[in-house]
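Trainee: predicted model, plus sequence, below.
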Amino acid sequence: MGIIVQKFGGTSVADPQKIHNVAKAVIREKENGNDVVVVVSAMGHTTDHLIKLAKEVTSTPDSREMDMLLSTGEQVSIALLAMAIQSHGYKAVSMNGQQVGIVTECIHSKARIVDIKTDKLQKKIEEGNIIVVAGFQGVTPDGEITTLGRGGSDTSAVAIAAALKADRCDIYTDVEGVYATDPRIVPNIQKTDVISYEEMLELARVGANVLHPRSVETAKQFNVPLRVRSSFKLDNLGTLIIGVDNMEIYKPVAGVAADSSQIRILLSELPDIPGTAAKLFGSLAKSNISVDMIIQSLASNGTNSIAFTVDAEDFESTMTTLEALKAELKAGEILIDKDIAKVSIVGAGMVDRPGIAADMFRSLAENNINIKMISTSEIKISCLVEKENAKNAIKALCKEFGLESTESADVKGDLPDV
Ligand code: ADP
Ligand code: ASP
Ligand code: MG
């Protein structure tokens, strides 16, 4: 008998009928002889609605109060799922983040989990319960409620699986696994049976929102075997994400993703002296703002331009920081570009194959897509393009790297906003 952690996303618990279907999937795992901990997200688009509601009250909601508000979504679904399981004659108990003891750092709206106390969970499991845990939320050592960032229930599930040394963590969602790109953009796309933690982590970080990046990070750190599978086709095994040692099996490009949530900021006419970049990025870091792509270029008049991208969520605080620094940095203009998307290819097999980057740039050029910035890491190449070109770029790159399939994926969601 093992411990299985299951996670069901918002679409899987969107209405009472779907909650009963989830209850059946949970009971099925229990009937297989396993102890089951099930993590759920808020129903349907609840989190989006709560954010909209807050914005109708004030354009600048306080981050502590936002966490207080958003954490209610998951509390609704855990209670309903526990009731549904009980109605089928099984023992179940719901627990919110605080009751479980999911301890996080005190950074509202993007807290990281630092510890999970397992004693209460273990006790309830030993009493024969199926445990239904609220995803996406935690509590600071001072008792403040926090949330883990959009899509964070995946991370709650993997962290609980790691803490309980579970046999497996199954992420049930509205698609049949991890595909080479978002199947809503390219329906004729290959499904991946097995992918390494490293590749999945890069893909999640560059916009494949099928998994929250920190869930993959945690799975990798604690070696939790992770599966992404369909809540509607329970017999399908989906995609297994594991550590793989043999580099020979890697494809040059395993996946393509886009992220249109970034904004590009350019500071012009900066003096070409030591310390400018340190001052700029040091101040942004102090304000807890993560910078993604960076390019510095020297103009013919001997001044520098620095362009960088930040997440749209951090835009206001970035501008506040820059306005305060502008005089000290002796910067000229600050130019903003919001109509951008970052398109990336990821694959552990691209290591030492310089031709892959050239193929990517050629494919974009052939489709008349201009590249504004480029960044690379060992297993990833990203190009910043006009937002309106993002979908075409994804389609072109899937074709270029042989990721299309003759079969069409079964997709339920709306077309994403890239
Ligand atoms: P959940 O509510 O279950 O957490 P999400 O919407 O967060 O579901 O994630 C599932 C969605 O991720 C799918 O509907 C799919 O369109 C999208 N997606 C993006 N990239 C990929 C990919 N590479 N493989 C599979 N799904 C992807
Ligand atoms: N409900 C949260 C969100 O919509 C967390 C999650 O779904 O994982 O982002
Ligand atoms: Mg999700």
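Mentor: Sure thing, it's come through. Ligands and ions are numbered 1, 2, ... in the order given.
Trainee: phi, psi for the most centrally placed residue in the chain please.
Mentor: Central residue of the chain (Cα atoms, centre = their mean): His212, 2.8 Å from the mean position. Dihedral angles of His212 (phi, psi; degrees, to the nearest 10) stand at phi -70, psi 130.
Trainee: quick check: it vs ligand 1, distance?
Mentor: 8 Å (Cβ to the nearest ligand atom, to the nearest Å). Heads up, the C-betas are built off the backbone N, CA and C, glycines and all.
Trainee: got it, and Val158?
Mentor: Plainly put, Val158 is 13 Å away from ligand 1 if you go by Cβ to the nearest ligand atom.
Trainee: quick check on that residue: phi, psi?
Mentor: Reported as degrees, to the nearest 10, the phi and psi values for Val158 are phi -70, psi -40.
Trainee: list the contacts of it.
Mentor: 5, 169, 215-216, 218-219, 222, 224, 226 (Cβ atoms under 8 Å, 6 or more residues apart in numbering).
Trainee: circling back: so what pLDDT did the residue nearest to the centre of the chain get?
Mentor: Looking at His212, its pLDDT is 98.
Trainee: go on, Ala331?
Mentor: On pLDDT, Ala331 comes in at 88.
Trainee: where's the residue of the chain most remote from its centre, which helix or strand?
Mentor: Largest separation from the mean C-alpha position in the chain: Asn301, at 42.0 Å (Cα atoms, centre = their mean). Using DSSP states H and E, Asn301 sits within no helix or strand.
Trainee: got the CA positions of stretch 253-268 in CSV?
Mentor: The C-alpha coordinates for stretch 253-268 follow below in CSV (Å, rounded to 0.1, in the frame of the first residue of the first chain):
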residue,chain,number,x,y,z
VAL,A,253,13.8,20.3,-29.4
ALA,A,254,11.3,18.8,-27.0
GLY,A,255,8.9,21.7,-26.9
VAL,A,256,7.9,25.2,-27.9
ALA,A,257,6.2,27.8,-25.7
ALA,A,258,5.3,31.4,-25.6
ASP,A,259,5.0,33.9,-22.8
SER,A,260,3.1,37.2,-23.5
SER,A,261,3.0,38.4,-19.9
GLN,A,262,6.3,40.4,-20.2
ILE,A,263,7.0,44.0,-20.9
ARG,A,264,10.2,45.4,-22.4
ILE,A,265,11.8,48.5,-20.9
LEU,A,266,14.7,50.3,-22.6
LEU,A,267,16.9,52.9,-20.8
SER,A,268,18.8,55.0,-23.3
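Trainee: how about that stretch: buried residues?
Mentor: 253-267 (16 or more other Cβ atoms under 10 Å).
Trainee: from these, which are also near ligand 1?
Mentor: Among those, the ones lying near ligand 1 by Cβ under 6 Å from any ligand atom are Gly255.
Trainee: closest one of the buried residues of stretch 253-268 to Thr320?
Mentor: Checking the buried residues of stretch 253-268 against Thr320 with Cβ to Cβ, the nearest one is Ile265 at 12.5 Å.
Trainee: what bridges to the closest one?
Mentor: Listed by DSSP bridges, the beta-bridge partners for Ile265 are Phe308, Ile336.
Trainee: which other residues reach stretch 294-312?
Mentor: With contacts defined as Cβ under 8 Å, 6+ apart, stretch 294-312 is touched by 261-272, 276-277, 280-281, 284, 289-293, 318, 332, 338, 340, 342, 373, 375, 384.
Trainee: got the buried residues for it?
Mentor: Within stretch 294-312, the residues scored as buried using 16+ other Cβ under 10 Å are 295, 304-311.
Trainee: can I get the residues you listed in a markdown table including distance to Asp410 and pLDDT?
Mentor: Shown next, in a markdown table, are the buried residues of stretch 294-312 (distance: Cβ to Cβ, whole Å; pLDDT from 0 to 100):
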| residue | distance to Asp410 | pLDDT |
| --- | --- | --- |
| Ile295 | 40 | 92 |
| Asn304 | 50 | 91 |
| Ser305 | 47 | 94 |
| Ile306 | 45 | 95 |
| Ala307 | 41 | 96 |
| Phe308 | 39 | 97 |
| Thr309 | 34 | 97 |
| Val310 | 36 | 97 |
| Asp311 | 31 | 94 |
